[in-house]
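> here is my input, please return the structure:
(2 chains)
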There are 2 protein chains.
Amino acid sequence: MQNKSENGVSRSVVNRLPRYYRALRELYRRDKLRVSSGELAKMMGSTASQIRHDLNCFGGFGQQGYGYNVVYLYKKIGEILGVQDDFGAVIIGAGSLCRAIASGSIFTRRGVKLLAIFDCDSEKCGKSISGIKVLPFESFNSFCTENTVDIAILAVSAEAAKDVSEKAALAGVRGIWNFTNTELNINDEKIAVQDVNLGDMLMTLCYEIKERKNEN
Amino acid sequence: MQNKSENGVSRSVVNRLPRYYRALRELYRRDKLRVSSGELAKMMGSTASQIRHDLNCFGGFGQQGYGYNVVYLYKKIGEILGVQDDFGAVIIGAGSLCRAIASGSIFTRRGVKLLAIFDCDSEKCGKSISGIKVLPFESFNSFCTENTVDIAILAVSAEAAKDVSEKAALAGVRGIWNFTNTELNINDEKIAVQDVNLGDMLMTLCYEIKERKNEN
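Predicted coordinates for the structure are as follows:
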């Protein structure tokens, strides 16, 4: 329910930054060096004034009559987002969700290195998923001592969520990406928690379908 | 970038409704019949005034000095969200993400029935995932004619996203749950689109970790 990030920028602006980052990467790939707030708005289904407002939250990078320098803005937003910060991540739970997350290219593109996968099931341990070895969860703590694990990705059952998240917090991770459909109640302000509750998302989608139905 | 849902309720309130729904289910399971905005706030890491504000958007269901009737509020929010509306859904793309989505219990609990899974790969067709048969994607259109398919869940590659989403729109689905990490540009206001961009979420998490690091 926190609506502001730590530096006072609203959560909704922060949530839009990755989309700016993707739009700018696309422009960069098309060899476009400059972009106006109007063009950027069109790409993102937004308005020029919102673009200017959002980018102003971070000091703004535009020049009137010139627009934004694509490369500069792309790099700058990447810096703000921490793309070059080389975060280390592990996935806990080696099921189908783990396979789905590990198989894409979401990590390397964003400066995140997937270091290991953990599971309690001894049959899964020793096998590899997308080239990453599955280790026994009992070695999680010592792994965190020997490696810099910034992010723990929780892909375990709802029942295991609380226990695993507490162990991750104690092991010193700085962020938890929670796919367990469960509230974690981590009471440590130094740890960032991002919940991905697919059930909640599905309900929101149903609500929006229903709204449209009522209108037509 | 749309910040209001169709009926003028802000997107952030709508996004919180499923959490209310879950909290109320939990209270119901504990045989609790009444709850104050303060208690509900505590459960959700929110404030009593936000709870009252949110629930007022939908007409409010509380009585001063009494609090909220748990069963009534649970049912009412369920109705608002369309939980009993019996939506039919299909997943397109029978990979590990499909397995992860289909294996949980997210559908039945929310009044959504998973009707079929489609894939282009003939090796996958005919097999079952979580008891649901994988059908060839070429039969998708005729399936939609013969069945009420409200929701298409896109679990295909980014490259296939645009084509598949256009086919789903033409086939008359009313909602698209998009896991492809790609913007779809569906220009039909009657179709609700919910994007789940895991890459964007990961970047937002990295940003929040970075913010906390800068503070400490």
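> which SSE is immediately downstream of the longest strand along chain A?
Once chain A is assigned using DSSP state E, the strand that runs over the most residues is strand A:112-119. Downstream of strand A:112-119, the first helix or strand assigned by DSSP states H and E is strand A:128-129.
> separation between A:Gly62 and A:Asp31?
Distance of A:Gly62 to A:Asp31, given as C-beta to C-beta, to the nearest Å: 20 Å. From N, CA and C alone the C-beta is placed, and that goes for glycine too.
> who has more neighbours, those two?
Between A:Gly62 and A:Asp31, counting by other C-beta atoms under 10 Å in any protein chain shown, A:Gly62 is the more crowded of the two (19 against 7).
> beta partners of the more buried one?
According to DSSP bridges, the residues that bridge with A:Gly62 are A:Tyr68.
> pretty sure it is touching A:Arg52, no?
Yes: counting by C-beta atoms under 8 Å, A:Gly62 sits close enough to A:Arg52 to count as a contact (6.9 Å).
> how about the longest strand of chain A: buried residues?
Applying a neighbour-count criterion of 16 or more other C-beta atoms under 10 Å in any protein chain shown, one finds A:112, A:114-119 buried in strand A:112-119.
> cool, and stretch A:120-134?
Here stretch A:120-134 shows A:120, A:124-125, A:129, A:132, A:134 as buried, counting by 16+ other C-beta under 10 Å.
> next: stretch A:132-142.
Of all the residues in stretch A:132-142, those buried under the rule 16+ other C-beta under 10 Å are A:132, A:134-135, A:137, A:140.
> what do you get for stretch A:167-176?
By neighbour count with 16+ other C-beta under 10 Å, stretch A:167-176 contains the buried residues A:167-169, A:171, A:173-176.
> out of the residues you listed, which touch chain B?
If you filter the buried residues of stretch A:167-176 for contact with chain B, counting by C-beta under 8 Å from any C-beta of the partner chain, you are left with A:174-175.
> now the buried residues of stretch A:167-176 as CSV including distance to B:Ile153?
Conversion of the buried residues of stretch A:167-176 to CSV gives the following (distance: C-beta to C-beta, whole Å):
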residue, distance to B:Ile153
A:Lys167, 32
A:Ala168, 29
A:Ala169, 32
A:Ala171, 34
A:Val173, 30
A:Arg174, 32
A:Gly175, 27
A:Ile176, 25
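> nearest to A:Asp150, of the buried residues of stretch A:167-176?
Proximity of the buried residues of stretch A:167-176 to A:Asp150 (C-beta to C-beta) peaks at A:Arg174, which lies at 5.0 Å.
> go ahead and confirm that closest one touches B:Glu211.
No: look at A:Arg174 against B:Glu211 with C-beta under 8 Å: they stay out of range, at 10.6 Å.
> mutual contacts of these two, please.
Both A:Arg174 and B:Glu211 are in contact with A:Ala192, where contact means C-beta atoms under 8 Å, 6 or more residues apart in numbering or on different chains.
> per-domain residue ranges of chain A.
With automatic domain parsing as the criterion, the domains of chain A are listed as A:11-79, A:87-200.
> of those domains, flag the one that's most buried.
Burial of the domains of chain A is given as mean neighbour count (mean count of other C-beta atoms under 10 Å in any protein chain shown); domain A:87-200 ranks first at a mean of 18.
> how long is it end to end?
The first residue of domain A:87-200 is 28 Å away from its last residue (C-alpha to C-alpha, to the nearest Å).
> rewinding a little: weakest of the domains of chain A in terms of mean pLDDT?
The stretch with the lowest average pLDDT out of these is domain A:11-79, scoring a mean of 86.
> roughly how far is that domain from the heart of the chain?
Here domain A:11-79 is found 19 Å from its chain centre; the criterion is C-alpha atoms, centre = their mean, to the nearest Å.
> for A:Ser46, phi and psi?
Dihedral angles of A:Ser46 (phi, psi; degrees, to the nearest 10) stand at phi -130, psi -160.
> once you drop chain neighbours, what's closest to A:Lys162?
For A:Lys162, the nearest residue in space outside its immediate sequence neighbours is A:Leu184; the separation is 6.7 Å by C-beta to C-beta, 6 or more residues apart in numbering or on different chains.
> go on, A:Val83?
The spatial neighbour of A:Val83 that comes closest, neighbours along the chain excluded (C-beta to C-beta, 6+ apart), is A:Gly111 at 4.5 Å.
> how about the one you found, phi and psi?
Its backbone dihedrals place A:Gly111 at phi 70, psi 20, with angles given as degrees, to the nearest 10.
> ditto for the one 10 residues further on
Dihedral pair for A:Asp121: phi -80, psi 110, per degrees, to the nearest 10.
> report the separation between the closest residue to it other than its chain neighbours and A:Ile132.
Once flanking residues are discounted, A:Asp121 sits nearest to A:Ala94: 7.3 Å by C-beta to C-beta, 6+ apart. Using C-beta to C-beta, A:Ala94 is found at 10 Å from A:Ile132.
> what is in contact with those two at once?
Between them, A:Ala94 and A:Ile132 share the neighbouring residues A:Ile117, with contact defined by C-beta under 8 Å, 6+ apart.
> how about the helices in chain A?
In chain A, the helices defined using DSSP state H lie at A:11-29, A:37-44, A:48-56, A:70-81, A:96-103, A:140-146, A:158-170, A:198-215.
> pretty sure A:Asp86 is touching A:Arg110, no?
No: judged on C-beta under 8 Å, A:Asp86 makes no contact with A:Arg110 at a distance of 10.5 Å.
> quick check: closest non-adjacent residue to A:Asp86.
Nearest to A:Asp86 is A:Gly111, by C-beta to C-beta, 6+ apart, at 5.7 Å.
> same thing with A:Ser49?
Using C-beta to C-beta, 6+ apart and skipping the chain neighbours, the partner closest in space to A:Ser49 is A:Ser37 (7.7 Å).
> show me what contacts the one you found?
Listed by C-beta under 8 Å, 6+ apart, the contact set of A:Ser37 reads A:48-49, A:51-52, A:55, A:62, A:67-68.
> next one: the residue nearest to A:Pro136 when sequence neighbours are not counted from B:Asp150, what distance?
Using C-beta to C-beta, 6+ apart and skipping residues adjacent in sequence, the residue nearest A:Pro136 is A:Cys125, 4.8 Å away. Applying C-beta to C-beta, one obtains 41 Å for the distance of A:Cys125 from B:Asp150.
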